[in-house]
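Undergrad: Got a predicted model here, sequence first, then my questions.
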Amino acid sequence: MKKGLKGKTWINGGFKEKVLFIEKDKIIFDKTGEFEKVGYIIPPFADGHIHGGWGYSFQKGDFEVLERKLIENGIFFAIPTLMNDTLENLKIISNKFQKYKERKPESIFPFLRVEGPFISKEKSGAQNVFISVEPTKENIDKFIDIENIKMFTFAPEIENAEYLVKESIKKGKIPSIGHSKGSFSDFKKVKNLGVKHFTHFPNALSGLHHREIGLVGAALYYDDLYIEIIGDMIHSSEKFLKLVYKIKKGSFSIVSDLIPPHKSNQKESDGKKIIRSGRKITDERGILLGGDTLLPEQFRLLFNIGFSLDDLISMGCINNRKFFDFEEPSLDKGSKASFIVLNDDMQIKYIFYKGKEICSL
C-alpha cells in the first residue's frame with residue numbers, strides 16, 4: 001500500500017484519529033507521506049454461526065471455497081455450522097474438516113459446530129425432523145467423541161441432558177441452548193453445570209410469559225450468559241433487537257446463520273423448496289430456513305437504527321473471538337495488517353488481509 005489511510009482507527013477498545021501505513025504486512029503509524037482520507041478503520045468481522053453460501057455448504061465439505069468467499073467479504077473468523085444429522089454423517093464431515101485443517105492450519109475456521117443432534121422435534125425449525133438421534137448415554141458418548149465438533153446445540157428438557165452437559169464440558173465441548181421448548185427450570189439445571197450460550201436467540205426457543213419466562217426469559221434474566229442473535233431484522237423485529245440491546249448492550253454477538261442459497265440460484269435447501277422475498281428465505285410453510293444477510297450488512301442495518309459503532313464492533317468483530325478464547329484482532333502498531341475500511345455510511349471501501357488488499361469496492 002503506497003498511500004496511507006487516515007481515519008478513525010479502532011485501537012485498544014476505542015477510536016483514535018490515525019494515519020495508517022502498511023510495511024512488510026505490518027501496521028505502522030506516524031509516518032509522513034501521502035494518504036487517503038477514509039471514515040473508519042476497524043477489525044475484521046467474526047461470524048460464530050454460518051452454514052454456507054454462494055451455493056456452497058459446509059455440510060458437503062466446501063471449506064476451501066467458503067473460506068475464500070468469507071475473506072473476500074471481510075470475515076476473517078467463522079465457525080462452520082452443520083445442520084442436524086446422523087452421527088455417522090457428522091463423523092464423515094468431521095474427518096473432511098480434519099484433512100482441510102491439516103492442509104491449511106492457518107484457516108479462519110477454528111472448529112465445527114452443529115445444531116443438534118439432541119434437540120426438540122417441536123422446535124426443530126429448519127432442522128430435519130426425520131433425523132432422530134435418541135439421547136441415550138451410549139449415543140451421547142459417541143457424539144462427544146467426534147473430534148472436530150467442539151460446539152453443539154441441544155434442548156435442556158431432553159432425557160440425559162445433565163449427563164450430556166457434564167460429559168461434554170469435561171471433554172472441552174461447548175453446549176449451547178437452542179431448538180428447545182424447555183422451561184426456565186429445565187435451563188437452570190444445566191446452567192448450574194456450566195451452560196452459558198444460546199443459539200440464534202430467540203429463534204426456536206420457548207417464549208417469554210409473565211408466569212413462565214421460558215428460555216427467552218432465562219437468557220435475558222442472567223447477566224453471565226452469552227447470546228448470539230441474527231441481526232438481519234427478519235429473524236427478529238427491530239423493536240426486539242432494540243430491547244435486547246437495551247438489556248445486554250454490546251455483550252452479545254451478531255451472527256449470520258447464512259445458508260447455501262445465499263447469492264445463488266438454488267431452488268431447494270436441505271430438500272425443501274425455497275421461497276424468496278428480498279433477504280428472507282423460507283420453505284413453503286413460511287418457516288425461515290436460515291440467514292441471507294452477511295455480517296457487514298447487518299452491521300450497517302443496526303447502525304442505522306441506533307446501535308452505537310463501538311458496541312457494533314464488539315458484537316460483530318470481537319465478542320465471538322473472545323467467547324471462544326481466541327485472540328482478539330489488534331490494530332496496534334506492529335500487528336498484522338488485517339482490517340476493514342468503512343466509509344462514513346458504514347459501507348466497506350477496502351479490505352486488507354495479512355497486509356494485502358483483497359477488495360476495493
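TA: Received it, and whenever you're ready, just let me know what you need. Residues are numbered from 1 along each chain as shown.

Undergrad: Three-state assignment for the closest residue to residue 116 other than its chain neighbours, please.
TA: Setting aside the residues directly before and after it, residue 116 is nearest to residue 84 in space (Cβ to Cβ, 6 or more residues apart in numbering), at 3.2 Å. Every C-beta, even on glycine, is put in place using the N, C-alpha and C of the backbone. Three-state call for residue 84 (DSSP: H, G, I helix; E, B strand; the rest coil): coil.

Undergrad: what's near enough to touch residue 84?
TA: 114-117, 119, 124, 127-128, 131 (Cβ atoms under 8 Å, 6 or more residues apart in numbering).

Undergrad: Wasn't residue 314 part of a strand?
TA: No: counting by three-state DSSP, residue 314 falls outside a strand, being helix.

Undergrad: give me every residue that touches it.
TA: Neighbours of residue 314 in contact, by Cβ under 8 Å, 6+ apart: 250-251.

Undergrad: now it: how far from residue 278?
TA: 28 Å (Cβ to Cβ, to the nearest Å).

Undergrad: likewise residue 195?
TA: Residue 195 is 35 Å from residue 278, by Cβ to Cβ.

Undergrad: quick revisit: so what pLDDT did the residue nearest to residue 116 get?
TA: pLDDT recorded at residue 84 is 93.

Undergrad: Then the one 5 residues further on?
TA: At residue 89, the predicted lDDT confidence score is 96.

Undergrad: Tell me which helix or strand residue 164 sits in.
TA: helix 161-170 (DSSP states H and E).

Undergrad: tell me what that helix is packed against?
TA: In this structure, helix 161-170 makes packing contacts with helix 137-144, strand 149-154, strand 174-177, helix 184-191, judged by 3 or more Cβ pairs under 8 Å, 6 or more residues apart in numbering; DSSP states H and E.

Undergrad: 7 Å - rerun?
TA: Judged by 3 or more Cβ pairs under 7 Å, 6 or more residues apart in numbering; DSSP states H and E, the packing partners of helix 161-170 are helix 137-144, strand 174-177, helix 184-191.

Undergrad: then the shortest one to CSV, C-alphas only?
TA: If I follow you right, that is strand 174-177. Extracted C-alpha coordinates of strand 174-177, given in CSV (Å, rounded to 0.1, in the frame of the first residue of the first chain):
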residue,chain,number,x,y,z
ILE,A,174,-19.4,-26.1,24.3
PRO,A,175,-23.1,-26.9,24.8
SER,A,176,-25.5,-24.2,23.6
ILE,A,177,-29.2,-23.9,24.3
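
Undergrad: Give the partner strands of it in its sheet and their orientations.
TA: Paired with strand 174-177 in the same sheet, following DSSP bridges, are strand 149-154 (parallel), strand 197-201 (parallel).

Undergrad: So what touches the first one?
TA: By Cβ atoms under 7 Å, 6 or more residues apart in numbering, the surrounding residues in contact with strand 149-154 are 90, 94, 111-116, 118-119, 161, 164, 173-176, 178-179, 199.

Undergrad: now do stretch 294-309
TA: Against stretch 294-309 from outside (Cβ under 7 Å, 6+ apart): 45, 47, 73-75, 231-233, 238, 242, 245, 254, 256, 258, 312, 316, 346-348.

Undergrad: Give the ChimeraX command for selecting the buried subset of these.
TA: Only the buried entries of those go into this ChimeraX selection, using 16 or more other Cβ atoms under 10 Å:
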select :45,47,73,74,75,231,232,233,245,254,256,258,312,316,346,348
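
Undergrad: So residue 321, which state does it fall into?
TA: Strictly by three-state DSSP, residue 321 counts as helix.

Undergrad: what residues are up against it?
TA: By Cβ under 7 Å, 6+ apart, the residues touching residue 321 are 46, 77, 327-328.

Undergrad: any idea how far residue 249 is from residue 223?
TA: 11 Å.

Undergrad: Those two: who's more crowded?
TA: residue 249 (14 against 8; other Cβ atoms under 10 Å).
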